[in-house]
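Asks: fold the following, please.
(one chain, ligands or ions: 1)
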Amino acid sequence: MPMALVSSDSATDGRSTQVPAAWRALRIAVIGAGLSGLAAARMLADQQHQVSLFEKSRGCGGRAATRRAAYPSGQPSGQPLRFDHGAQYFTARDPGFQRRVQSWAQRGLVAPWDGRIGAFDGTEFTPAGQETTRWVGVPGMSALGRELAKGLSVRLETRVMPPRWCRGRWQLSDEAGTDLGRFDRVVVSAPAPQSAELLMDAPRLAAQAACVDYTPCWTLMLGFDTPVPLAFDGVFVNQTQGPLRWVARDSSKPGRARPARDAAVAGNATRSEEDCWVLHAEPGWTRKHLNDPPEQVEAAMLEAFAALVELAGGSLPRINWRQSHSWLYSLVETPLEEGCLWDPALGIGACGDWCNGARIEGAWLSGEAIASRLLAAVASA
Ligand SMILES: Cc1cc2nc3c(=O)[nH]c(=O)nc-3n(C[C@H](O)[C@H](O)[C@H](O)COP(=O)(O)OP(=O)(O)OC[C@H]3O[C@@H](n4cnc5c(N)ncnc54)[C@H](O)[C@@H]3O)c2cc1C
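Replies: Here you go, the predicted structure:
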């Protein structure tokens, strides 16, 4: 029988996927609209399958997230404050991912962050890793997820319960018991501990997911009324005692209102220009203080930041806005290095940073890997 082919280059960077004539559109559910789920959904939808993406939060992008805020009295710049409170930036090492990122850059979804990055070892500041290209979403990390979800069928604010295997198909429902439909295939893209629960009817995959741990991370977002007098825009704080691990001037990222950092360092910042900072706590410190009241955590992180700025010869300007967030799952400790997980007999699989090297690049490639596995299984059936 001649083979009818369906190919796509938008999700595969020119690597076309070929599907035989016996092909029929499958109903596929993707649980989780972080970057791995979006990569998988895009690639499967490009092959004309009926893909439904379910996301428990109010937006897409998962941990590549941005919080928007407004001062009660309005901002001097007139723009909302933006804080990338999850992933700070991402790198691209895999050639296919590099091409993908270039295509996002051409569409204006991402841009390189040329911020001055430093390291602090407890006594002095030194420049760090200037040769690395650090990519960020524009005007915030969340822009990437928002844009990549366009054209897909996404159901937000829908927390999916563990899919049940029922007469050869997967039955999905949400936490209120609402029927979400029956699907031929399911892709789970939640962080590993949540995936382990979602995969209860696929015990082999659930057992693999249950082995993966994440570091937690307390995050503090701070809006200052004038620029913080620090010569760096991002600092790795290499002190094991905590509380800080990383501090970053979000305002220095492309597409945000940029404050006059150099004037502030020289001590002559005269204009009122808000400056947005994100502080990440050290993982060990976060674990110890995970259940502390937010005000207590904020005070400790703020004190450490003030001490850091003082050591650099300055002092913190007035804070106009602050908020903290605790991430239970931030970075994967030991990823599986499997690419993705797939059970061919059950037609269910998993992807995410925990399957394929922590971080955004690993997550995206894992999403592409599960879509390829699923399409290959369909093609060979
Ligand atoms: C504080 C912090 C700092 C980081 N820094 C960096 C960095 O600098 N560089 C970098 O590359 N990476 C960084 N990362 C890691 C990076 O954000 C992740 O590796 C990547 O975003 C993971 O994508 P993912 O799709 O695998 O998972 P996620 O982004 O977690 O997406 C999973 C999605 O599934 C949804 N979900 C879960 N359960 C359900 C359910 N039952 N029903 C429906 N939806 C569900 C979640 O809401 C989420 O949107 C950081 C992360 C954090 C939190």
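Asks: name the SS class of Q194, please.
Replies: Per DSSP: H, G, I helix; E, B strand; the rest coil, the secondary structure class of Q194 is helix.
Asks: can you offset everything so residue one is 7?
Replies: Okay, using 7 as the starting number, the last item reads as Q200.
Asks: next up, the contacts around it.
Replies: Y335 (CB atoms under 8 Å, 6 or more residues apart in numbering). Every C-beta, even on glycine, is put in place using the N, C-alpha and C of the backbone.
Asks: mind checking pLDDT for it?
Replies: Among the per-residue scores, Q200 holds a pLDDT of 98.
Asks: ditto for E137
Replies: For E137, pLDDT reads 84.
Asks: swap in P8?
Replies: pLDDT for P8: 29.
Asks: got it, and the one 5 residues further on?
Replies: The pLDDT attached to S13 in the predicted structure is 32.
Asks: with P26 instead?
Replies: pLDDT, P26: 54.
Asks: what do you get for G174?
Replies: Turning to G174, the model gives it a pLDDT of 89.
Asks: same question for V243.
Replies: 96.
Asks: quick check: which element contains the residue nearest to H286 when sequence neighbours are not counted?
Replies: Excluding the flanking residues, the one nearest H286 by CB to CB, 6 or more residues apart in numbering is W252, at 4.3 Å. Of the helices and strands defined by DSSP states H and E, W252 is found in strand 250-255.
Asks: let me know the helix or strand that W370 is in.
Replies: Assigned by DSSP H and E, W370 belongs to helix 365-386.
Asks: does the ligand have contacts with that helix?
Replies: Yes. Residues of helix 365-386 contacting the ligand under CB under 6 Å from any ligand atom: 365-366, 369.
Asks: run through the residues of this structure sitting next to the ligand.
Replies: When proximity is defined as CB under 6 Å from any ligand atom, the chain approaches the ligand at 37-43, 60-63, 68-70, 92-96, 165-166, 195-197, 200, 204, 223, 225, 286, 333, 336-337, 358-359, 364-366, 369.
Asks: per-residue confidence for the residue in the stretch 57-206 of the chain positioned nearest to the ligand?
Replies: As assessed by CB to the nearest ligand atom, the ligand sits closest to G68 within the stretch 57-206 of the chain, at 2.1 Å. The confidence metric pLDDT takes the value 98 at G68.
Asks: separation between it and G38?
Replies: The gap separating G68 from G38 is 7 Å, by CB to CB, to the nearest Å.
Asks: just A385 next, same as before
Replies: 25 Å.
Asks: ok, these two, which is more surrounded?
Replies: G38 (30 against 14; other CB atoms under 10 Å).
Asks: find the nearest non-adjacent residue to that one, please.
Replies: Distances taken as CB to CB, 6+ apart place S195 nearest to G38, at 3.8 Å, with adjacent residues excluded.
Asks: so how many other residues sit close to that neighbour?
Replies: 34.
Asks: now the strands for the stretch 107-256 of the chain?
Replies: Remark: strands assigned in the stretch 107-256 of the chain by DSSP state E, counting those that start in this stretch are 116-118, 123-126, 131-133, 141-143, 159-161, 170-172, 175-179, 185-189, 191-194, 220-230, 240-243, 250-255.
Asks: the closest residue in space to L186 that isn't next to it in sequence: what's it in contact with?
Replies: Among residues not flanking L186 along the chain, L178 sits closest, at 4.0 Å (CB to CB, 6+ apart). Neighbouring residues of L178 by CB under 8 Å, 6+ apart: 35, 37, 60, 166-167, 169, 185-189, 192.
Asks: the same query, at a cut-off of 6 Å, please.
Replies: Contacts for L178 (CB atoms under 6 Å, 6 or more residues apart in numbering) come out as 35, 166, 169, 186.
Asks: which pair of those residues spans the longest distance?
Replies: Comparing every pair within the contacts of L178 by CB to CB identifies P169 and L186 as the most remote, at 9.2 Å.
Asks: the more surrounded of those two?
Replies: Ranked by neighbour count (other CB under 10 Å), P169 and L186 place P169 first, with 25 against 18.
Asks: would you mind measuring from that one to S42?
Replies: Taking CB to CB, one finds P169 at 17 Å from S42.
Asks: please, where are all the helices along the stretch 7-156 of the chain?
Replies: Secondary structure of the stretch 7-156 of the chain (DSSP state H, counting those that start in this stretch): helices at 41-52, 101-112, 148-154.
Asks: elements contacting the first one?
Replies: For helix 41-52, the helices and strands in contact under the criterion 3 or more CB pairs under 6 Å, 6 or more residues apart in numbering; DSSP states H and E are strand 33-37, strand 56-60, helix 365-386.
Asks: I'm done for today, thanks for sticking with me.
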